[in-house]
Every structure is written in C-alpha cells, then in structure tokens.
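1. Dropping a prediction and its sequence here:
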Amino acid sequence: MKTLFKVVALAAFALCATLTDTKAQSYGFANFDLSGTPTTAAATTTTLTNLFIDCRNMQNVTLQTVFVMSASSTTNIIYKIAKSIDKVNFETVPSISWTNTANGTTPVVATTTIATGGAGWMKLVSVQNLDSSAVLTNTSFGYGIKVRAP
C-alpha cells in the first residue's frame with residue numbers, strides 16, 4: 001500500500017511539474033551610444049530622438065549610464081525619460097527624471113530600476129549637463145531586457 005501511495009504521489013508531482021509554466025527568462029542589454037552627441041557640451045541640454053525602450057513585456061526596466069567629465073566636476077547629469085502606450089504619443093513633460101552626480105575624471109556607472117506602470121514604450125528624451133565648464137565625455141546609456149522566452 002505504501003508503494004502504491006508513493007507511485008501515485010510521484011505521478012501527481014510529475015503531472016503538476018509538466019503543467020506548470022516552464023518558460024525560461026532571457027536577459028539582454030541594449031545600449032545607446034551617446035558619444036559624439038552635443039551632450040558633450042558644457043552647460044547644455046541635448047534633446048534626443050529615436051532612442052526607444054521597448055518595455056511591452058517588462059514590468060520594470062533597469063537603466064544604466066556610464067559617463068566621465070573632462071575636468072574636476074561634481075555637477076549633476078540629468079536624464080529625462082518619457083512614457084508612451086503606443087510608441088507615437090509620448091508624454092509632453094517626461095515623468096521620469098534620473099539624476100546622477102559626476103565624479104570628475106573618474107568614470108561614473110549608475111543603474112536604476114523604473115516601474116513601467118503599464119507603458120509599452122519609454123524614450124530617452126534629453127541629457128542635461130549642468131556644469132558650465134566641464135565637458136561630458138565617454139557617455140553611454142542602456143537598458144536591460146528581461147522577458148519570458150518560449
């Protein structure tokens with residue numbers, strides 16, 4: 001009787017394991033190279049176009065930036081990100097503002113995680129360098145992609 005119970009329990013476990021969602025998650029990284037853009041100018045805001053983040057399959061989006069200043073500076077670098085549900089009509093005033101503090105000529109690497117709030121798309125709208133003399137160099141901006149794969 002114990003053997004029969006063990007066989008039935010094992011069969012039930014195997015059936016449950018087969019019926020559960022066995023899709024694995026996949027992960028990737030998309031990078032926007034901002035080197036050579038007007039972002040490098042001192043005390044400027046650079047408006048960007050066509051830098052879209054596809055977050056239709058993501059509940060959260062992790063952003064990463066890397067940058068260096070041309071001189072000693074601890075200014076703020078501000079990234080503005082707008083949301084959209086259709087990749088056509090983005091927020092007029094971006095609801096996401098991400099600020100990072102420069103560390104002179106030492107590279108800064110920063111990440112943050114943002115809830116998508118049901119938005120299917122995000123767009124990097126602008127990068128602002130508040131320093132009046134130091135130039136923003138070696139700049140990149142990217143996002144992690146974590147979706148369920150078939």
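-> Ah, there it is. Numbers count the residues shown, from 1 in each chain.

2. Every contact and neighbour count from this point should use C-alpha atoms.
-> Noted.

3. so where do the helices sit in this protein?
-> With DSSP state H as the criterion, the chain has helices at 2-19.

4. Low-confidence ranges, it, go.
-> Low-confidence segments of the chain (pLDDT under 70): 1-25, 33-40, 147-150.

5. Give me the longest strand you can find in this protein.
-> Scanning the chain for the strand with the most residues, using DSSP state E, yields strand 136-148.

6. Can you tell me the strand partners of it and which way each runs?
-> strand 25-33 (antiparallel), strand 60-69 (antiparallel) (DSSP bridges).

7. so which of the ones you listed gets nearest T44?
-> strand 60-69 (13.6 Å; CA to CA).

8. what residues does the closest one touch?
-> For strand 60-69, the surrounding residues in contact (CA atoms under 8 Å, 6 or more residues apart in numbering) are 55, 102-116, 134-145.

9. if you set the cut-off to 7 Å instead, what comes out?
-> Applying CA atoms under 7 Å, 6 or more residues apart in numbering, the external contacts of strand 60-69 come out as 102, 104-116, 134-144.

10. which of these count as buried?
-> For those, a burial check counting by 16 or more other CA atoms under 10 Å picks out 102, 104-105, 108, 116, 134-137, 139-144.

11. from those residues, which is closest to I96?
-> The closest of the buried ones among the contacts of strand 60-69, once distances to I96 are taken by CA to CA, is T116, at 10.5 Å.
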